[in-house]
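A.B. asks: I need the structure of the sequence given here:
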Amino acid sequence: MKNYIIYILLGTALVFGACEYDNYEEPQAILYGQVVYDGQAVGVRTNGPQLELWQDGYELSKNIPIFIAQDGTYSVSLFDGEYKLVRKAGAPWLAELSDTIIVNVNGHTEFDVPVTPYFSLHDETYQVGNNTVSVTFTIDQVVDAAAIQEVNLYLGYAVLTDQNKNEHIAGADISNITLGGQNTIQATIPEHLKDEEYLFVRVGVRSNMSGEFSYTEVQKLDI
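C.D. replies: This is a model prediction of the structure:
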């Protein structure tokens with residue numbers, strides 16, 4: 001009988017403990033925006049580069065990772081409050097770990113995060129013909145100390161196309177790249193892609209100061 005009473009008490013404690021746990025308030029606020037340079041979103045590899053949030057005033061301080069979508073947008077659920085945002089290393093832009101940004105979150109809060117990419121890509125134009133895809137684009141150097149390591153044209157089946165996920169890569173001859181001027185990459189469509197109705201394409205550039213590329217916006221091409 002004594003053991004039976006103990007089991008009842010333990011069961012009751014577990015039930016009330018579970019209820020208390022379930023009654024914790026879930027975060028209702030959302031912080032969202034883009035990583036931007038010169039007012040334009042910086043394209044990245046999905047789930048590649050990250051930002052971090054920290055919040056002071058708690059006994060167990062832990063970073064909150066922010067994953068960035070390929071179009072440079074992000075979104076994270078939070079509680080209202082003041083946070084410190086950090087631009088992490090390993091991205092295609094300068095890490096500024098000691099230069100945190102204070103962000104006040106209240107409900108749905110939009111905040112664009114300024115970054116300094118090593119190189120920026122813009123004015124891309126694609127053409128399809130004779131089993132080839134060609135792209136013209138401009139690369140600007142933003143960080144003087146950086147050097148171009150790779151410039152690639154990516155072809156893919158899906159909208160998530162990048163250095164890690166693609167069906168074909170055509171690399172540019174780095175020695176022929178003109179900074180601030182017009183550049184061209186031409187790719188012959190591989191045999192396994194010739195019967196596709198369309199392909200997703202984008203251009204990426206990587207500096208010698210990062211393992212990550214910055215990209216143009218993904219575009220869908222009828223082939």
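
A.B. asks: residue ranges of each domain in this protein, please.
C.D. replies: 29-114, 119-222 (automatic domain parsing).

A.B. asks: let's have those in CSV, adding mean neighbour count and mean pLDDT.
C.D. replies: (Glycine included, C-beta is placed from N, CA and C.) Below are the domains of the chain laid out as CSV (neighbours: other C-beta atoms under 10 Å; pLDDT from 0 to 100):
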stretch, mean neighbour count, mean pLDDT
domain 29-114, 16, 92
domain 119-222, 16, 97
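
A.B. asks: distance of the residue positioned nearest the centre of the chain relative to S175?
C.D. replies: For the chain, I68 is the residue whose C-alpha lies nearest the centre (C-alpha atoms, centre = their mean; 3.1 Å). In this view, I68 and S175 are 32 Å apart by C-beta to C-beta, to the nearest Å.

A.B. asks: list phi and psi for the residue nearest to the centre of the chain.
C.D. replies: phi -110, psi 130 (degrees, to the nearest 10).

A.B. asks: what bridges to the residue nearest to it when sequence neighbours are not counted?
C.D. replies: Computed as C-beta to C-beta, 6 or more residues apart in numbering, the closest residue to I68 that is not its neighbour in sequence is Y74, at 5.0 Å. Assessed by DSSP bridges, Y74 has beta-bridge partners G33, I68.

A.B. asks: quick check: Y74 touching G33?
C.D. replies: Yes - between Y74 and G33 there is a contact at 6.4 Å, judged by C-beta atoms under 8 Å.

A.B. asks: okay, and the common contacts of the two?
C.D. replies: V113 (C-beta atoms under 8 Å, 6 or more residues apart in numbering).

A.B. asks: please export the C-alpha coordinates of stretch 91-111 as PDB.
C.D. replies: Extracted C-alpha coordinates of stretch 91-111, given in PDB (Å, rounded to 0.1, in the frame of the first residue of the first chain):
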ATOM      1  CA  ALA A  91      30.200  34.600 -45.000                       C
ATOM      2  CA  PRO A  92      30.900  36.300 -48.300                       C
ATOM      3  CA  TRP A  93      31.100  39.600 -46.400                       C
ATOM      4  CA  LEU A  94      33.300  41.000 -43.700                       C
ATOM      5  CA  ALA A  95      32.800  39.500 -40.300                       C
ATOM      6  CA  GLU A  96      32.100  42.200 -37.700                       C
ATOM      7  CA  LEU A  97      32.000  40.200 -34.500                       C
ATOM      8  CA  SER A  98      33.000  43.100 -32.300                       C
ATOM      9  CA  ASP A  99      30.600  45.500 -33.900                       C
ATOM     10  CA  THR A 100      27.200  44.300 -32.800                       C
ATOM     11  CA  ILE A 101      23.900  45.800 -33.900                       C
ATOM     12  CA  ILE A 102      21.200  46.500 -31.300                       C
ATOM     13  CA  VAL A 103      17.800  45.400 -32.500                       C
ATOM     14  CA  ASN A 104      14.600  46.100 -30.500                       C
ATOM     15  CA  VAL A 105      12.000  43.500 -31.300                       C
ATOM     16  CA  ASN A 106       8.300  44.400 -30.800                       C
ATOM     17  CA  GLY A 107       5.800  42.200 -32.500                       C
ATOM     18  CA  HIS A 108       6.500  41.800 -36.200                       C
ATOM     19  CA  THR A 109       9.700  43.800 -36.600                       C
ATOM     20  CA  GLU A 110      11.500  44.300 -40.000                       C
ATOM     21  CA  PHE A 111      15.200  45.000 -39.900                       C
END
